[in-house]
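S.K.: curious how this folds, go ahead:
(one chain, ligands or ions: 1)
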Amino acid sequence: MASPYQSLVILTGAGISAESGLGTFRDKDGLWTQYDLRDVATPEGFARNPALVHEFYNARRRNLLEAAPNPAHAALADLERQWPRDFLLVTQNVDDLHERAGSTRLLHMHGELLKIRCENCGDRRECRQDIDLATACPACGTPGYLRPHVVWFGEMPLGMAQIEQALAACDLFISIGTSGNVYPAAGFVAEARRQGAHTVELNLEPSEGHSVFAEKRYGPASEIVPAFMRALL
Ligand code: BJW
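M.R.: Prediction:
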């Protein structure tokens, strides 16, 4: 292998799944132009109108079940298979397209759309069906306490200790398909750079934090990600 890098962290966002037919959040026809994020992506919104939040996630779950990974997901899974050293793929996405493409060293920092959890008994399990207020928890039998296993604004992202450790050790950080609007993920590039890592942005267009990256490539993920990963190996 020709790559001089020892320890790789890759961060992905909604842009990597856009060409699989999953909506992004902040593009011109993105989810946050159709829904107010305070209604559907905060604990307060869920407390106010849980039926609306279930409807929002039911529609996205159905959409995900019809989607398939694209060449960008496949390129990352291939890279992982051929990368003998430290590797962590951190995704902000709640879809399972990285897993379906074959990625395994993967962390879902904003949760998983195909999982639900019960706020009554703490049970967490896979879910591929619609849920609503009348759905009883399969573990404790109580209706009205199920919620999507996702991280909303104001909640703590998952796996932060592992991510911090990987960022502190990495010498290459690659960000793919994210607008750089949401923290703490938007701050990872600065953290990696402080540690002396080479930083790369692969996106359709320059993100909020584009000036922090040392290297940038712009275009559709299905084209630029496979090309970049081929060159890296
Ligand atoms: C393509 C493409 C193609 C399109 N090819 N590219 C300062 C510091 C720390 C925190 C804060 C802070 N200020 C405010 C906060 C709090 C808040 C926050 O960041 N708010 C901002 C609005 C300012 N953050 C939080 O509350 C987080 N928790 C937290 O901070 O806890 C405390 C803490 C502090 C410090 C350390 C540790 C913890 C939680 C955030 C939860 C975000 N949740 C959501 C919903 C998840 C469930 C769901 O999916 O419904 O996560 S919001 C939404 O945004 C979703 C995404 O994962 C996330 C990021 O979006 P992403 O992926 O970047 O998508 P887009 O649409 O924005 O961008 C897509 C990009 O793709 C674009 O650039 C396109 O150009 C590109 N693109 N087609 C290539 N074909």
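S.K.: distance between the ends of stretch 84-104?
M.R.: End-to-end distance of stretch 84-104 (CA to CA, to the nearest Å): 14 Å.
S.K.: and the average pLDDT for that stretch is what?
M.R.: The pLDDT scores in stretch 84-104 average 97.
S.K.: residues contacting Thr199?
M.R.: With contacts defined as CB atoms under 8 Å, 6 or more residues apart in numbering, Thr199 is in contact with Phe173, Ile174, Ser175, Val189, Ala192, Arg193, Val212, Phe213, Ala214, Glu215. (Each C-beta comes from the backbone N, C-alpha and C, glycine too.)
S.K.: what's the burial count for the closest residue to the last one other than its chain neighbours?
M.R.: Read that as Glu215. Using CB to CB, 6 or more residues apart in numbering and skipping the chain neighbours, the partner closest in space to Glu215 is Val200 (4.5 Å). Residues lying near Val200 (other CB atoms under 10 Å) number 19.
S.K.: give me the distance between the two termini of stretch 129-148.
M.R.: Note: stretch 129-148 ends 11 Å apart using CA to CA.
S.K.: which elements pack onto the longest helix along the chain?
M.R.: Ranked by residue count, the top helix of the chain under DSSP state H comes out as helix 50-66. Applying 3 or more CB pairs under 8 Å, 6 or more residues apart in numbering; DSSP states H and E, one finds that helix 50-66 contacts helix 37-40, helix 43-48, strand 111-118, strand 146-150.
S.K.: quick one: distance of it to the chain centre.
M.R.: 17 Å (CA atoms, centre = their mean, to the nearest Å).
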